[in-house]
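J.: structure for the following, please:
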Amino acid sequence: MGRKQIKPDRGRKGPDGTKEGLAAPLRRIAAAARWIQRPRIFKRGRFSHRAQRAATVLTGLVLTVGCCLLAERYAVGGPEAVQTGAQPAEGMSVLILDYHQVLPTEEDLEKARKAGETGILLSDFKEDLNWLTQQGVNFVLPSDLKLASQGIYELPEKAVMLTFDGGYESFYTVVWPQLREQGAKGAVGVLGAEADLYSGSVEKEIDSSRLSWNQIAQMDRSEAVEIASMGYSLTEDLADWKEAPPKGQLSSFLSFLGFGNGDGKILSDEGIKFYQDSLPQDLMTMDEKLRETLYHEADAYLVPAGCEGEETDGVLNQYGIAVSLCEGVPAAEAETLWNVIEGRDSLYELTRIARGEEGSLQEMLEGCFG
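T.: Just a heads-up that it's a prediction; the model follows:
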């Protein structure tokens, strides 16, 4: 059984995490062609004719390669075809959204961004919930997916699951009240080591603080919230195993055209092995904390980027995790927006759609609900 590593991003992203679209790569292809044919390359007359012919051939090659890559990406049904208008598949299916911070003011959000966090304003989140309600969606939780996979429960039409990464305290102070007010539901990922830390006497800031075990226990008793596991500390430990992917001349050129993965770091092979070796103990430690505080374990687990795969699924299954959720991806990069639920195995490596920082949810999911 092999490990599934994070797929390289073949398109540049804008501020909201979505792809720039067809026009931007075309502009870069044209810019590359103009650079090749710059007059200052041919300063010496005796080389100008030969160099000009070479430049013409190279220009043609650049345009050909670039256009072929664009055709493969944007062809209908191709691997990069935009799926934002996809309709739910027949049978039970669920669309899962991935949020991070939700903060009340621009000042709070700016402080969070400076600390390397991502998020949206409370006003935008309210608009998201209002729009989803207008579309007639039905909010579900990981436990609903578990029951549906067992044939005990039938998912409603237009089933949507809201998930929140990071275990931020803002989920308790900002998001939870909104969920209750609008009759919505959401699952929040919790990292045990962070909950231990913030259950003690530490200074708290709304833009960076995490949930305490007391706050987690309060929300666990609410019908609007389900606690998902992020493990105890392993997810944070993986930061030491991330590295920048190697970039040769060809990959640098393709990155210029918009087909590279930029400067984003990925988990090294050694990091993936460290994760696989450490996962059982990390899950055991987190399960003990959950039983001690909530008197039950979590049904869902948020898998760190790059750690998806059969080996991870096998360990999660062994430790009672019924649902595994992949890191959120922009709607334009997802193979499908909807996860089909048709048995126990269908609950692993579920796709989540990232809620970008820019634009509206309506723009992201236009036509998704018919």
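
J.: ok, which stretches of the stretch 151-300 of the chain are helices?
T.: 169-170, 176-182, 192-198, 213-220, 234-237, 249-257, 269-294 (DSSP state H, counting those that start in this stretch).

J.: out of those helices, which is the most enclosed?
T.: Highest mean neighbour count of these: helix 169-170, a mean of 24 (counted as mean count of other C-beta atoms under 10 Å). Bear in mind the C-beta positions are built from the backbone N, C-alpha and C, glycine included.

J.: list the contacts of it.
T.: Contacting residues not belonging to helix 169-170 are listed as 101-103, 119, 198, 204, 206-207, 209-212, 215 [C-beta atoms under 8 Å, 6 or more residues apart in numbering].

J.: one more time with 10 Å, if that's ok
T.: For helix 169-170, contacts defined as C-beta atoms under 10 Å, 6 or more residues apart in numbering pick out 100-104, 108, 112, 117, 119, 122, 164, 176, 194, 198, 204-212, 215.

J.: what about residue 354, distance to residue 294?
T.: For residue 354, the distance to residue 294 equals 28 Å [C-beta to C-beta, to the nearest Å].

J.: on that earlier part again, in a markdown table: the helices of the stretch 151-300 of the chain, plus distance to residue 327 and mean pLDDT.
T.: Shown next, in a markdown table, are these (distance: least, C-beta to C-beta, whole Å; pLDDT from 0 to 100):
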| stretch | distance to residue 327 | mean pLDDT |
| --- | --- | --- |
| helix 169-170 | 20 | 96 |
| helix 176-182 | 22 | 97 |
| helix 192-198 | 18 | 97 |
| helix 213-220 | 22 | 98 |
| helix 234-237 | 11 | 93 |
| helix 249-257 | 22 | 47 |
| helix 269-294 | 14 | 96 |
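
J.: nearest to residue 129, out of these?
T.: Counting by C-beta to C-beta, residue 129 lies closest to helix 176-182 out of the helices of the stretch 151-300 of the chain; the figure is 4.8 Å.

J.: who are the packing partners of that closest one?
T.: Applying 3 or more C-beta pairs under 10 Å, 6 or more residues apart in numbering; DSSP states H and E, one finds that helix 176-182 contacts helix 122-134, strand 186-190, helix 213-220, strand 225-229.

J.: still on that earlier bit, what's the closest of the helices of the stretch 151-300 of the chain to residue 300?
T.: Per C-beta to C-beta, nearest to residue 300 of the helices of the stretch 151-300 of the chain: helix 269-294, 11.8 Å.

J.: moving C-terminal of that closest one, what's the next helix or strand?
T.: strand 300-302 (DSSP states H and E).

J.: what angle do the next helix or strand after that next one and strand 225-229 make?
T.: Per DSSP H and E, strand 300-302 leads on to helix 310-318 as the next helix or strand towards the C-terminus. Counting by axes from the mean of the first three to the mean of the last three C-alpha atoms, to 10 degrees, helix 310-318 lies at 120 degrees to strand 225-229.
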